[in-house]
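K.L.:
mind folding the following:
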Amino acid sequence: MDEEKTTITRDIMCNPILQAKTLNNEKTDLNVIIGLCVGHDSLFYKYSNALCTTLVTKDKVLAHNPVGALYQTDTYYKKLLND
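P.N.:
Residues are numbered from 1 along each chain as shown. The predicted model follows:
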C-alpha cells in the first residue's frame, strides 16, 4: 500500500494535468494554486473543472521557493522595509 502511494505521489508531483484531474475526481469547488511554475498553472487551469486562483507562483529568482521572500520579511527584508 505504501509503495502504491509513493508511486502516485511521484507521478503527480510535477504534472499539472494529473493534479487537475485528481482534484476533478474529488469534485472540488475551488482550487487555490500555490507553487506551480508559470506555464504549469496554465495547464492546470485548462484541465480543472473547478474555479482556480493562484496565491503564489514559483520562480527561479527565489530558487523555486515561492514564499521565500515572505519567510525573510523579519530578517533580510526588514531593513529594506524600514528604509
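K.L.:
helices or strands up against whichever strand or helix holds Leu36?
P.N.:
Taking DSSP states H and E as the definition, Leu36 sits inside strand 30-37. For strand 30-37, the packing partners by 3 or more CB pairs under 8 Å, 6 or more residues apart in numbering; DSSP states H and E come out as helix 16-25, helix 40-47, strand 51-58. Quick note: C-beta positions are derived from backbone N, CA and C, even for glycine.
K.L.:
try it again with 7 Å
P.N.:
Applying 3 or more CB pairs under 7 Å, 6 or more residues apart in numbering; DSSP states H and E, one finds that strand 30-37 contacts helix 40-47, strand 51-58.
K.L.:
and the angle from the last one to strand 30-37?
P.N.:
Relative orientation of strand 51-58 with respect to strand 30-37: 30 degrees, computed using axes from the mean of the first three to the mean of the last three CA atoms, to 10 degrees.
K.L.:
pull out the buried positions in strand 51-58.
P.N.:
Across strand 51-58, burial judged by 16 or more other CB atoms under 10 Å covers 52, 58.
K.L.:
quick one: mean pLDDT over it.
P.N.:
Regarding strand 51-58, the rounded mean pLDDT is 88.
K.L.:
pairing partners for it, with directions?
P.N.:
As defined by DSSP bridges, the strand partners of strand 51-58 come to strand 30-37 (parallel).
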